[in-house]
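> What shape does this take:
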Amino acid sequence: MESDDGFLRALSAHDAAVSQLGLPIWIGAEPTFTDRFSEAPEWLFCALGDDKRERAERVFARLASASPGSAVFRCVGRQYEDEDLPRWNYGLYSHRQGRTTWKGPPDPLLVGSLENASGAGESPDPVKLDPVQYARLLADRLNQRCLSASVLPEPQAGRLVFRCDDVPLPTDIKQCPDLGRALLGQDRVEGVEVCDELACDGSYLICCVPSGDALQVELPAISDIELFARVLETIGETANELEIPAMMLTGFPPPIDDSIAWMTVTADPAVIEVNMAPANQISDLWRDLTQLQQAANAEGLDSFRLQYNGEESDSGGGGQITLGGPTPQASPFLRIPGMLPSLVRYFNRHPSLSYLHAFASIGPASQAPRVDEGVRGTMNELRLTLELLRRVGNPAPETIWGALAPFLADPGGNTHRAEINIEKLWNPYLGNRGRLGLVEFRSFRMGPVPETTTSLAALLRSIVAMLAAHHCDQPLVDWGGELHERYSLPFFLQADLREVLEDLNREGFGLGEPIVEHLMRDKDLLLSRFQLGNTQVELRRAMEFWPLVGDVSMQRGGSRTIDASTHRIEVRLRNNDNPESLDGWTLRYGDWEIPLRAVHDRVGDGRLVGLRYRSFCPQQGLHPTLPAQDPLTLVLSHPDDRHWEICLHQWEPNGQAYPGLPVDLQEARSRRQARCVVKQLHRAPDPGNPPPPEALGDHITDLRWY
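Numbers count the residues shown, from 1 in each chain. Predicted structure coming up:
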């Protein structure tokens with residue numbers, strides 16, 4: 001409780017600092033959860049599955065039950081070309097001021113207890129589920145509310161259409177085929193998003209059909225909040241009047257503005273994805289994330305995975321964070337035209353923002369490449385673009401988007417796959433969905449605990465607040481090979497993040513230590529820690545940049561083949577009692593003598609090197625003749641003629657099978673430690689040679705050249 005109190009105080013201090021700026025910065029998050037013990041396809045790589053849907057429904061039911069008076073929607077979800085139907089999508093529609101948005105019958109998910117979330121039980125009187133009777137009464141009630149409504153003739157008698165003006169209603173299906181369109185979710189979705197052609201012309205179609213023990217009412221696309229509230233209220237009152245026991249609201253997503261909190265639970269490959277309602281305070285985000293984590297854990301779902309060998313990884317679905325404003329026009333990225341260029345410059349100068357909390361696959365072939373990881377030559381064009389925007393002084397939103405969108409994309413031009421994703425900032429090609437004033441940060445893995453995601457959101461929000469007060473006009477850095485060498489090592493990423501935190505402190509947007517503690521990612525990267533005499537040796541997993549295999553343009557669907565057989569580790573030596581004793585230490589691999597770099601940080605002096613090697617041979621990948629370097633065998637030597645052999649195994653050192661997945665983080669970390677076997681040698685190794693130039697970098701030695 002004391003640690004929670006300290007964390008909450010740090011969040012409150014952050015909210016207070018941002019509020020003094022007078023610029024609302026809202027925060028959204030997309031947490032993902034998985035069954036880390038299951039090896040079913042739906043929890044490893046597939047988007048859809050019966051077990052996933054059932055558990056998602058139970059998670060959603062827990063969240064909806066904690067928000068009485070909110071409306072439950074089952075809207076059409078995303079669809080990809082290799083999927084027959086759109087994905088399911090459950091939404092919770094709440095008023096931010098606590099007002100009731102739904103007074104009608106409950107959704108079947110909320111009928112009865114959570115243990116019987118499907119609503120099974122005694123069947124209601126079939127008369128109460130007569131869709132034609134309901135449609136006729138609903139049309140009458142809409143007419144009483146000054147909306148022109150009419151029920152369609154047979155065989156579409158369960159459908160009604162209404163308008164808000166005096167234009168005649170379309171009722172002839174031959175003249176208006178859209179009146180007989182298939183229900184959403186029962187046909188393929190063509191294009192990026194579903195479009196309601198009738199609603200675009202001012203005619204709104206409501207479809208009523210029985211669905212089990214509930215009445216299903218499919219809503220049209222209504223963009224006006226007040227009109228939607230009137231229609232929703234009428235739908236609920238009509239259902240209550242007929243004593244309908246349960247109702248499913250389906251169809252197009254409801255309209256939202258800054259008065260509405262809209263949360264959805266949907267399917268994604270290997271995970272359940274939750275698109276949270278944006279929060280205007282970081283403390284509210286933490287509360288919502290904590291409630292969500294508790295609901296997911298109660299249904300056997302986690303925000304992380306533990307591999308058999310003890311490696312810790314994220315859920316498998318990412319943990320994106322979005323910043324914007326209460327309205328598109330109030331977004332800091334549109335109110336302050338220089339904000340986005342400043343953000344691009346600042347992220348370019350601080351690789352820790354891209355890599356330290358990233359998922360396993362990073363770099364140009366990842367789902368979220370940096371702007372400077374594209375095709376060579378892009379940097380000069382980006383420099384010119386930023387300069388031209390600066391000269392404009394006050395560029396319009398469409399100018400900002402049009403100038404930067406070509407650069408905020410992956411090397412193939414996909415704007416969705418970008419570290420800084422602006423496809424919903426002011427995108428003319430996505431309709432209203434593309435003009436929300438939002439910037440999404442896609443490089444973050446799913447945080448293992450709510451505090452991690454909250455801390456990352458606070459970090460981003462503080463950076464935006466700082467840049468609002470003080471633009472970043474520093475030139476872009478062309479890191480060259482240093483980007484994927486120096487900044488693949490945790491030591492330098494943590495040092496770079498400290499520089500960011502110092503900038504925030506200096507400008508009045510510093511983050512409290514409880515937040516910083518969650519930002520300095522380290523525990524899951526540590527492979528092994530041991531003492532050699534007075535010297536402490538630490539092996540950490542470093543960041544790796546896995547390449548695509550084959551022609552990406554020929555790879556269909558949402559996944560792409562990468563070669564994940566290459567790993568990096570960071571070898572770190574410290575002796576804070578006597579730093580001089582670090583002089584003369586040598587590291588060997590075979591007959592290579594690998595140089596150790598002297599480093600210094602707030603802890604003290606140290607020696608450091610990064611090693612790159614092949615941990616296994618993939619079925620499909622690069623370098624088919626290159627064998628696996630497992631175990632990775634190193635020799636550390638002290639100048640007083642003491643030598644130790646260090647064998648880092650990818651799996652259990654004795655070749656035995658693990659009894660199962662680790663049950664918790666403690667067991668996972670014990671398995672990692674056990675994979676590193678250290679023994680003292682009785683004689684010195686033979687004299688060695690330096691690695692060849694092609695294997696030796698400033699910070700990384702590539703052992704694959706051995």
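> can we go C-alpha only for contacts and neighbour counts from here?
Will do.
> Longest helix in the protein, by number of residues?
The residue-count maximum for a helix in the chain (DSSP state H) belongs to helix 450-469.
> helices or strands up against that helix?
Using 3 or more Cα pairs under 8 Å, 6 or more residues apart in numbering; DSSP states H and E as the contact criterion, the elements in contact with helix 450-469 are helix 2-19, helix 282-298, helix 339-349, helix 490-506, helix 513-519.
> for these, which one sits closest to Val677?
helix 490-506 (22.4 Å; Cα to Cα).
> Next, the angle helix 339-349 makes with the closest one.
Relative orientation of helix 490-506 and helix 339-349, computed by axes from the mean of the first three to the mean of the last three Cα atoms, to 10 degrees: 140 degrees.
> Would you mind checking the average pLDDT for helix 490-506?
Throughout helix 490-506, pLDDT has a mean value of 98.
> Pull out the buried residues from that helix.
Applying a neighbour-count criterion of 16 or more other Cα atoms under 10 Å, the buried positions in helix 490-506 are Pro490, Phe491, Phe492, Leu493, Gln494, Ala495, Asp496, Leu497, Arg498, Val500, Leu501, Leu504.
> which stretches of the stretch 251-400 of the chain form strands?
Under the criterion DSSP state E, counting those that start in this stretch, the stretch 251-400 of the chain contains strands at 260-268, 271-275, 304-306, 312-314, 321-324.
> Dump the ones you listed to JSON lines, plus mean pLDDT.
JSON lines is the format used below for these (pLDDT from 0 to 100):
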{"stretch": "strand 260-268", "mean pLDDT": "96"}
{"stretch": "strand 271-275", "mean pLDDT": "97"}
{"stretch": "strand 304-306", "mean pLDDT": "97"}
{"stretch": "strand 312-314", "mean pLDDT": "95"}
{"stretch": "strand 321-324", "mean pLDDT": "98"}
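> What I need now is the ones you listed written out in JSON lines, including mean neighbour count and distance to Leu573 for each item.
Supplementary listing: the strands of the stretch 251-400 of the chain in JSON lines, determined by neighbours: other Cα atoms under 10 Å; distance: least, Cα to Cα, whole Å:
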{"stretch": "strand 260-268", "mean neighbour count": "22", "distance to Leu573": "42"}
{"stretch": "strand 271-275", "mean neighbour count": "25", "distance to Leu573": "39"}
{"stretch": "strand 304-306", "mean neighbour count": "22", "distance to Leu573": "27"}
{"stretch": "strand 312-314", "mean neighbour count": "21", "distance to Leu573": "23"}
{"stretch": "strand 321-324", "mean neighbour count": "24", "distance to Leu573": "35"}
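> Might you report the residue contacts of the nearest residue to Phe333 once chain neighbours are set aside?
Among residues not flanking Phe333 along the chain, Met339 sits closest, at 5.4 Å (Cα to Cα, 6 or more residues apart in numbering). In this structure, Met339 makes contact with Pro332, Phe333, Val464, Leu467, Ala468, His471, judged by Cα atoms under 8 Å, 6 or more residues apart in numbering.
> Against Leu408, how distant is Met339?
Using Cα to Cα, to the nearest Å, one obtains 15 Å as the distance from Met339 to Leu408.
> got it, and Asp640?
Look at Asp640 and Leu408: by Cα to Cα, they are 54 Å apart.
> cool, Pro255 as well?
Distance check for Pro255 against Leu408: by Cα to Cα, it reads 28 Å.
> for Thr234, helix, strand, or coil?
The three-state label given to Thr234 by DSSP: H, G, I helix; E, B strand; the rest coil is helix.
> can you tell me how far it sits from Cys75?
Distance, Thr234 to Cys75, by Cα to Cα: 19 Å.
> got it, and Cys195?
13 Å.
> Repeat that for Gly324.
Per Cα to Cα, Gly324 is found 24 Å from Cys75.
> Repeat that for Met247.
If you go by Cα to Cα, the gap between Met247 and Cys75 works out to 14 Å.
> thinking again about what came up before, with distance to Asp165 as new columns, can the helices and strands packed on helix 450-469 be given to me in TSV?
TSV is the format used below for these (distance: least, Cα to Cα, whole Å):
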stretch	distance to Asp165
helix 2-19	43
helix 282-298	41
helix 339-349	42
helix 490-506	54
helix 513-519	54
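> and those helices, which is most packed in?
For those, ranked by mean neighbour count under the definition mean count of other Cα atoms under 10 Å, the leader is helix 339-349 at a mean of 21.
> Let me see the mean pLDDT of that helix.
Taken as a whole, helix 339-349 has an average pLDDT of 97.
> picking that back up, when Asp640 and Leu408 are compared, which one has more neighbours?
It is Leu408, of Asp640 and Leu408, that has more neighbours when counted by other Cα atoms under 10 Å, with 28 against 8.
> need the contact list for the more buried one.
Residues in contact with Leu408, defined by Cα under 8 Å, 6+ apart, are Arg370, Val371, Thr415, Ala418, Glu419, Ile420, Asn421, Ile422.
> Pro428 too?
Glu398, Gly434, Arg435.
> I'd like those as CSV, with pLDDT appended.
Putting the contacts of Pro428 into CSV (pLDDT from 0 to 100) gives the following:
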residue, pLDDT
Glu398, 93
Gly434, 90
Arg435, 93
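> Out of those residues, which end up buried?
By the neighbour-count criterion of 16+ other Cα under 10 Å, the contacts of Pro428 include these buried positions: Gly434, Arg435.
> so which of the contacts of Pro428 comes closest to Trp585?
When these are compared for distance to Trp585, the smallest value, 56.6 Å, is given by Gly434; criterion: Cα to Cα.
> could you dump the strands of the stretch 251-400 of the chain to TSV with distance to Pro106?
As requested, the strands of the stretch 251-400 of the chain are arranged in TSV below (distance: least, Cα to Cα, whole Å):
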stretch	distance to Pro106
strand 260-268	17
strand 271-275	21
strand 304-306	33
strand 312-314	35
strand 321-324	31
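> Please name the nearest non-neighbouring residue to Ser70.
Nearest in space to Ser70, with sequence neighbours left out and distances taken as Cα to Cα, 6+ apart, is Ser94 at 4.8 Å.
> give me phi/psi at that neighbour?
Geometry field for Ser94 lists phi and psi as phi -130, psi 150, criterion degrees, to the nearest 10.
> Ser670 should be in a strand, yeah?
No: Ser670 sits outside any strand when classified using three-state DSSP, being helix.
> burial of it, as a residue count?
Every residue meeting other Cα under 10 Å relative to Ser670 is counted, giving 15.
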